[in-house]
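Enquirer: Any chance you can model this:
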Amino acid sequence: MKFMIATVAAFAATAAALKLTAPEENAKWDLSQTNTIKWDHVDSDPETFQLVLVNHQTGGEVDMTIADKVKTSDGEYKLTNFVAAPGSTYSIKAFGTEKTNNGQLAESQTFSVTKSGVSTTTTATTVKPTSSGTPATSSSATPSQTSNAATALGVTFGVAGPLAAVFAMLF
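Expert: Sure, this is the predicted structure:
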């Protein structure tokens, strides 16, 4: 009898744990827009967890971290301008990050990504005097820290516009 009560209690605790409720099955997400990931939780869930976008493509899963240390009590997370290839085999997974509660906590239903977000690029231009008196310019472009798989997807923007403006001012 005690074994049966313990088993039922353990099952009830598992059934009531963190559950991703959005996106729903067959949803279509445009990642250039804001999408809301939602979940239900109980007091025994960890205080924070990690959200990961998973593409279950042929040849293996591709995992992309959405956010770390998401507050469980928030009940939702707004995902905006996230870079991922369009496809119909995506899900979102929640992973515990605490020593006592790690590993996969939950997974959403399968949904589609209809459009990727766009990687943002930060451009810096430096003008330095030279010994000949003619200014020398150098530019560098680096993806912002909020970009994710932009380099793998080839979605970046050049520095031609800012360079043209600098040269126009010099000549």
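Enquirer: Can you give the strand pairings for whatever helix or strand D63 lives in, parallel or anti for each?
Expert: D63 belongs to strand 62-71 when assigned by DSSP states H and E. If you go by DSSP bridges, strand 62-71 pairs up with strand 48-55 (antiparallel).
Enquirer: Could I get the buried residue list for the strand holding D63?
Expert: Neighbour counts over strand 62-71 (16 or more other Cβ atoms under 10 Å) mark 62, 64, 66, 70 as buried. Placement of C-beta: from N, CA and C, glycine included.
Enquirer: For the second one, give its distance to L79.
Expert: According to Cβ to Cβ, to the nearest Å, M64 stands 11 Å off from L79.
Enquirer: What of the last one?
Expert: Distance, V70 to L79, using Cβ to Cβ: 11 Å.
Enquirer: Identify the residues contacting the closest residue to D30 other than its chain neighbours.
Expert: Spatial nearest neighbour of D30, excluding adjacent residues (Cβ to Cβ, 6 or more residues apart in numbering): K115 at 4.4 Å. K115 sits next to 30-32, 86 when contact means Cβ atoms under 8 Å, 6 or more residues apart in numbering.
Enquirer: can you count the residues close to the residue nearest to F95 when sequence neighbours are not counted?
Expert: Once flanking residues are discounted, F95 sits nearest to Q50: 4.5 Å by Cβ to Cβ, 6+ apart. Counted with other Cβ atoms under 10 Å, the neighbours of Q50 add up to 17.
Enquirer: Likewise for the one 4 residues further on?
Expert: Applying other Cβ under 10 Å, we find 17 other residues in the vicinity of V54.
Enquirer: Tell me, what's the model's pLDDT at it?
Expert: You'll see V54 listed with a pLDDT of 97.
Enquirer: Residues in a beta bridge with it, which ones?
Expert: Under the criterion used (DSSP bridges), V54 bridges to D63, S91.
Enquirer: follow-up on the earlier one: ok, the residue nearest to F95 touching I92?
Expert: No. Counting by Cβ atoms under 8 Å, Q50 stays clear of I92, with 10.7 Å between them.
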